[in-house]
Every structure is written in C-alpha cells, then in structure tokens.
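**Q** Have a look; sequence and predicted model below, questions after that.
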Amino acid sequence: MGRIIGLDIGNVRIGVAVSDPLGITAQAREVITVRSPEEDVDAIRGIVKDTGAVRIVAGLPLDQNGEIGPQAEKVLAFVETLRTALDIDIVTQDERFSTAAAERALIGANMRRSKRKNVIDMVAAQHILQTYLGRQSCRGV
C-alpha cells in the first residue's frame, strides 16, 4: 500500500491530511497558505517526499447537482499543474459537504470559532481522505 495524501484545495488555503502506511486511517497534517502555483506545488512536493506518499487524493468541490462548477474547474486546473510537476498518482474525490462535516466535528469538540478557522481545512482534508480510504476498503482495494 503506502501513505496517501488528501488535499482540500481552496482559494486561500490548502488543507493537508496523510494516511497511515496501510491506508486505514487519515490524520490531519497541516494547512498550506496559497501563494503561487509554483510555491504551492513545492510545498506539496515536500510533503510527498517527507511522507513517501504513493498517491494524492484531491477533493473536488462539485455543486449541489454533482456537476463541475467554477470552483471545481479551479481545482481541476491545479490538479493538472500537480500532475505535470509531480511523479505521483493523483485522483479526485467528491468533497461535497466535507467542510460542513469538519465544522460539525470541530464544534462537537467545543473548539472556538477563531481556532476552527485555523484548522478546518486540514480537518476537511482528513474527511476527504478518510472517505476515499473507506470507499477503497469497501471495494477490496
């Protein structure tokens, strides 16, 4: 198997989560502040190198009807930039409601709104990656 990186790609921040080596659980790792595509790719390249990841799962923010909207197009463009720059398998995962699920989890943990802002993207990335891992497990992959 090998570690898998989950990304919640936004306009301001990129949340990052990493799986365990067996691909069973996802852990929130960090938040990258978006600067330029080159700097963002370098930051992700460093995480791939540090973790020895074999795959990236990028959250795809489909609209309520499950279709690709303007934000999803931005994410797909960045995913193509990553594919060009990194030698790693990259897949997308429907991320609808991942930020809402992350917010509910943080509220459930009694985290104040001001602190949630700093971690919500990496918790959303964790949710995206855990959903992906669960689906792979159901498929027997």
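**A** Cool, got the structure.
**Q** hey, let's count contacts and neighbours off CA atoms from now on
**A** Fine.
**Q** what's the neighbour count on residue 108?
**A** 9 (other CA atoms under 10 Å).
**Q** Check the gap between it and residue 101 for me.
**A** 10 Å (CA to CA, to the nearest Å).
**Q** show me where pLDDT drops low in this structure?
**A** For the chain, the stretches flagged by pLDDT under 70 are 141.
**Q** residue boundaries of the helices in it?
**A** Counting by DSSP state H, the chain has helices at residues 37-51, 70-85, 98-108, 113-139.
**Q** most tightly surrounded among the ones you listed?
**A** Highest mean neighbour count among the helices of the chain (mean count of other CA atoms under 10 Å): helix 113-139, with a mean of 20.
**Q** re earlier: of all the helices of the chain, which one is nearest residue 17?
**A** Nearest of the helices of the chain to residue 17, taken as CA to CA: helix 113-139 at 4.9 Å.
**Q** and the angle for that closest one with helix 98-108?
**A** In terms of direction (axes from the mean of the first three to the mean of the last three CA atoms, to 10 degrees), helix 113-139 departs from helix 98-108 by 120 degrees.
**Q** so which of the helices of the chain comes closest to residue 16?
**A** helix 113-139 (5.0 Å).
**Q** now the helices of the chain as CSV including distance to residue 60?
**A** Converted to CSV, these look like this (distance: least, CA to CA, whole Å):
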stretch, distance to residue 60
helix 37-51, 17
helix 70-85, 6
helix 98-108, 10
helix 113-139, 9
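**Q** Out of these, which gets nearest to residue 3?
**A** Taking CA to CA, helix 37-51 is the member of those nearest to residue 3, at 6.9 Å.
**Q** Who are the packing partners of that closest one?
**A** Packing partners of helix 37-51 (3 or more CA pairs under 8 Å, 6 or more residues apart in numbering; DSSP states H and E): helix 70-85.
**Q** between the helix it packs on and helix 37-51, how big is the angle?
**A** Between helix 70-85 and helix 37-51, the angle formed by their directions is 60 degrees, by the same axes, to 10 degrees.
**Q** ok now helix 70-85, how far from the chain's centre?
**A** With CA atoms, centre = their mean, to the nearest Å as the basis, helix 70-85 stands 13 Å off its chain's centre.
**Q** Contacts for that helix next, please.
**A** 9-10, 37, 41, 58, 60-62, 89-90 (CA atoms under 8 Å, 6 or more residues apart in numbering).
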